[in-house]
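In: Generate coordinates for the sequence data below:
(chains A, B, C and D)
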Protein chains: 2
Amino acid sequence: MPTTGVETRVKAASTEGGRRTRDRILRAAAELMFEQGVAGTSIPDVQRRAQVSASQIYHYFGDKKGLTAAVIEYQSTVKLEQQRPLLDHLDSVDALREWCERAAVRLDAVHCAGGCEIGSLASELSDIDPSARLGLATGFAAWQAAIESGLARMRERGDLGADEDVTALAVALLAAIQGGMLLAQVNRDATPYRRAVNVVIDHIADRVAAARAARSTDR
Amino acid sequence: MPTTGVETRVKAASTEGGRRTRDRILRAAAELMFEQGVAGTSIPDVQRRAQVSASQIYHYFGDKKGLTAAVIEYQSTVKLEQQRPLLDHLDSVDALREWCERAAVRLDAVHCAGGCEIGSLASELSDIDPSARLGLATGFAAWQAAIESGLARMRERGDLGADEDVTALAVALLAAIQGGMLLAQVNRDATPYRRAVNVVIDHIADRVAAARAARSTDR
DNA sequence: GCGAAATTGGAAAGTCAATTCCAATCCTTG
DNA sequence: CAAGGATTGGAATTGACTTTCCAATTTCGC
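Out: The predicted structure follows:
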């Protein structure tokens, strides 16, 4: 039986208690890796935060790499689901602004610590862990798809011109979010994030205005 | 004499040979930390790459934190100087495009490994090393200033409207570069970087066109 | 050329992390 | 309730890394 080449020995829990421990470990690891980076998070750290023994971690995740992979999947999947209601309606300039501003408020709340959950992992792991990189690419693709499909709906509806490159716009917004969060993190101030994101959204708004103008001319 | 609170015992070399070793160490550390991250770079790693003994590293940089601080300063300062000729002329849309595209070519050349020298350090260290964060903020500020002053010149010249927020535009471009490089790194493909950067530059170009239109209307 | 300071090599201490292992205990299923 | 797998605790192993230390050795100012 051929495999993908990278076997991560993550075992599922078959009892209720086991499921809870596994979850506790995963959540603790995700928090710690977000706060201190993957390299800065030791297994003993996770043990303390999750209140488990070492064997439990190795039982469910095989090794640290397996745990890291699980955290990537967790951040990619679960965090995405949390925002699902918003993500499914990113089909107006206002919705985009609202969504981005919500992230800004979260940045303010944590005093701009941490940046983006996936972005931090991506920066740390992309070059040193090929399978992690793949997982992170998938995670980013999901965000990009969410933005892009909203823009595509705007285009179908006529809010954006038919020739508009919604992929490029979506990537640009995603990059502005990532880059903006990095600058916010470094400066401990969400202003750079807001500026970066607003410039891109302003640009999208300009394109919407242009489409409207074109329509009224055609008429 | 009051200090900044964080004393890094970095010693200057007073002999020619010493200066060369110090330099060799710094360059090796910068390379390694870029390739594998700060946490992923051990002192023995640096020893091997720079062909020096441990005592030489500790002699010149005090400890690993001091070495890291020196690398941050190195990347911020030296890399900036390398681009000085270009940076001083970012006062046209074409110049901006050319500058960003040059980075894209470099990304292609290294197969999108590494991302941005400063960005990677920033993501890894901002939350765990306050003094490193300050150094990185300074580094970013220099890049932002370079972009912003070019845009300001365009505004003075009338290429951009007098009411244009060049700070926001500069931040947006910097964020696009950072976010774009991150996406490129994760996807091992420079396309996302090019898309992100081009959208922002297109936006600036639109503003330039608007300013021109306004001028011809006024006349 | 001479003494002091700078530079260098290499060993060694001390710490801590990753992982393995085994013995216990718990739970499920028949 | 008994068997067997799931789960858990905690000790032990192994290895690497940071940092210190001291004894050469080289270089510089005079």
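In: these two touch, right, A:Leu90 and A:Ala152?
Out: No. Using Cβ atoms under 8 Å, A:Leu90 is not in contact with A:Ala152, being 10.4 Å away. C-beta coordinates here come from the backbone N, C-alpha and C atoms, glycine included.
In: neighbour count winner among those two?
Out: Neighbours were counted for A:Leu90 and for A:Ala152 using other Cβ atoms under 10 Å in any protein chain shown; A:Leu90 has more, 23 against 18.
In: now the spatially most central residue of chain A: how far from B:Asn187?
Out: Nearest to the geometric centre of chain A sits A:Ile118, at 4.6 Å (Cα atoms, centre = their mean). As judged by Cβ to Cβ, to the nearest Å, A:Ile118 and B:Asn187 stand 13 Å apart.
In: what's the overlap in contacts for these two?
Out: Here A:Ile118 and B:Asn187 share the contacting residues A:Phe140, scored by Cβ atoms under 8 Å, 6 or more residues apart in numbering or on different chains.
In: What parts of chain A come near DNA strand D?
Out: A:11, A:13-15, A:17-19, A:21, A:52-56, A:59 (Cβ under 7 Å from any atom of the strand).
In: from the residues you listed, which is closest to B:Ala214?
Out: The nearest member of the residues of chain A next to DNA strand D to B:Ala214, counting by Cβ to Cβ, is A:Arg19 at 63.8 Å.
In: Which residue, other than its chain neighbours, is closest to the closest one?
Out: Of all residues not flanking A:Arg19 in the chain, A:Ala13 sits nearest, at 4.2 Å (Cβ to Cβ, 6 or more residues apart in numbering or on different chains).
In: The residue lying closest to A:Ser120 once chain neighbours are set aside: which element?
Out: Spatial nearest neighbour of A:Ser120, chain neighbours left out: B:Ser123 (5.8 Å); criterion: Cβ to Cβ, 6+ apart. Taking DSSP states H and E as the criterion, B:Ser123 maps to helix B:117-125.
In: go on, A:Ala13?
Out: For A:Ala13, there is no host helix or strand (DSSP H and E).
In: I'd say it and A:Arg24 touch.
Out: No. Contact criterion Cβ under 8 Å: A:Ala13 and A:Arg24 do not qualify, at 10.9 Å.
In: Tell me how far the residue nearest to A:Arg19 lies from A:Gln56.
Out: From A:Ala13 across to A:Gln56, the span is 10 Å (Cβ to Cβ).
In: A:Ile43 now?
Out: A:Ile43 is 11 Å from A:Gln56, by Cβ to Cβ.
In: So for the two, which residue has more residues nearby?
Out: A:Gln56 (18 against 15).
In: my guess is that one meets A:Arg20, correct?
Out: No. Using Cβ under 8 Å as the test, A:Gln56 is too far from A:Arg20 to be in contact (11.0 Å).
In: circling back to that earlier point, tell me who's in contact with the residue nearest to A:Ser120.
Out: Each residue near B:Ser123 by Cβ under 8 Å, 6+ apart is listed here: A:115, A:119-120, A:123-124, A:182, A:185.
In: Show me what residue of chain A gets nearest to DNA strand D.
Out: Nearest residue of chain A to DNA strand D: A:Gly18, at 2.2 Å (Cβ to the nearest atom of the strand).
In: can you tell me the helix or strand for that residue?
Out: Per DSSP H and E: helix A:16-36 holds A:Gly18.
In: quick one: is that helix near DNA strand C?
Out: Yes. Against DNA strand C, helix A:16-36 shows contacts by Cβ under 7 Å from any atom of the strand at A:16-17.
In: now the angle from that helix to helix A:117-125?
Out: Angle, helix A:16-36 to helix A:117-125, by axes from the mean of the first three to the mean of the last three Cα atoms, to 10 degrees: 70 degrees.
In: give me the low-pLDDT residue ranges for chain A?
Out: Low-confidence segments of chain A (pLDDT under 70): A:1-9, A:218-219.
In: So it: which segments form each domain?
Out: Annotated domains of chain A cover A:1-74, A:88-218 [automatic domain parsing].
In: Redo those domains as CSV? Include distance to B:Leu107.
Out: Shown next, in CSV, are the domains of chain A (distance: least, Cβ to Cβ, whole Å):
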stretch, distance to B:Leu107
domain A:1-74, 23
domain A:88-218, 13
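In: which one of those is the most hemmed in?
Out: A comparison of the domains of chain A by mean neighbour count, using mean count of other Cβ atoms under 10 Å in any protein chain shown, puts domain A:88-218 on top with a mean of 20.
In: and the helix or strand just after the helix holding A:Gly18, is it in reach of chain B?
Out: Beyond helix A:16-36 in the direction of the C-terminus, DSSP H and E gives the next helix or strand as helix A:43-50. No. Remark: helix A:43-50 sits outside contact range of chain B, by Cβ under 8 Å from any Cβ of the partner chain, the gap being at least 12.8 Å.
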